[in-house]
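Novice: Mind looking at a prediction? Sequence and model below.
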Amino acid sequence: MTQYIIKILLTTALVVAISEVSKRSSLIGGLLASLPLVSFIAMIWVYLETKDSARVAALSISIFWLVLPSLVFFLALPPLLLKLSFYLSFTLATALMLGCYGVMLIALKRFGVSL
């Protein structure tokens with residue numbers, strides 16, 4: 001239970017720190033947010049809890065393939081924000097990203113890649 005609470009506190013602190021830094025500098029905030037810190041932390045926790053390098057390797061491959069469709073969100077959001085409200089833009093960019101996740105999963109399956 002203690003380890004679970006540490007996970008929650010560490011992840012929460014990371015998100016809060018990035019949002020606070022982003023208020024002062026979008027460059028530094030963007031740099032911190034773009035680092036795969038959550039992926040690093042997840043891989044470390046998985047390894048510490050399972051001692052299974054193959055499981056960490058599988059997680060790494062899944063992250064690689066699923067980062068690609070997530071980039072659609074960041075490409076779609078800026079032009080939407082210039083024309084629509086924040087919440088509508090955020091919702092539409094998220095919907096596009098989720099659609100791309102679906103397309104990516106179908107394409108990976110078609111090419112024999114299992115995650």
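Specialist: Now that the structure is in, tell me what you want to look at. All values derive from a computational prediction rather than experimental measurement.
Novice: where does this structure dip in pLDDT?
Specialist: Counting by pLDDT under 70, the chain contains no low-confidence range.
Novice: which residues touch the residue nearest to Leu88 when sequence neighbours are not counted?
Specialist: Using C-beta to C-beta, 6 or more residues apart in numbering and skipping residues adjacent in sequence, the residue nearest Leu88 is Leu80, 7.6 Å away. Every C-beta, even on glycine, is put in place using the N, C-alpha and C of the backbone. Listed by C-beta atoms under 8 Å, 6 or more residues apart in numbering, the contact set of Leu80 reads 88-89, 92-93.
Novice: Nearest to Leu71 among those residues?
Specialist: Each of the contacts of Leu80 was scored against Leu71 by C-beta to C-beta, and Ala93 proved nearest at 11.1 Å.
Novice: quick one: buried residues of the longest helix belonging to the chain?
Specialist: Among the segments of the chain that qualify as a helix by DSSP state H, the longest is helix 53-83. Going by neighbour count (16 or more other C-beta atoms under 10 Å), the buried part of helix 53-83 is 56, 59, 63, 69, 72-73, 76-77, 80.
Novice: rewinding a little: now tabulate the contacts of Leu80 in JSON lines and tack on neighbour count and secondary structure.
Specialist: Shown next, in JSON lines, are these (neighbours: other C-beta atoms under 10 Å; DSSP: H, G, I helix; E, B strand; the rest coil):
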{"residue": "Leu88", "neighbour count": "12", "secondary structure": "helix"}
{"residue": "Ser89", "neighbour count": "18", "secondary structure": "helix"}
{"residue": "Leu92", "neighbour count": "15", "secondary structure": "helix"}
{"residue": "Ala93", "neighbour count": "21", "secondary structure": "helix"}
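Novice: TSV for those residues, including distance to Asp52?
Specialist: Formatted as TSV, the contacts of Leu80 follow (distance: C-beta to C-beta, whole Å):
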residue	distance to Asp52
Leu88	43
Ser89	41
Leu92	39
Ala93	35
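Novice: Just the closest of those residues to Ile8, please.
Specialist: Distances from Ile8 to the contacts of Leu80, taken by C-beta to C-beta, are shortest for Ala93, at 27.1 Å.
Novice: does that closest one really touch Pro79, like I thought?
Specialist: No: contact criterion C-beta atoms under 8 Å: Ala93 and Pro79 do not qualify, at 9.5 Å.
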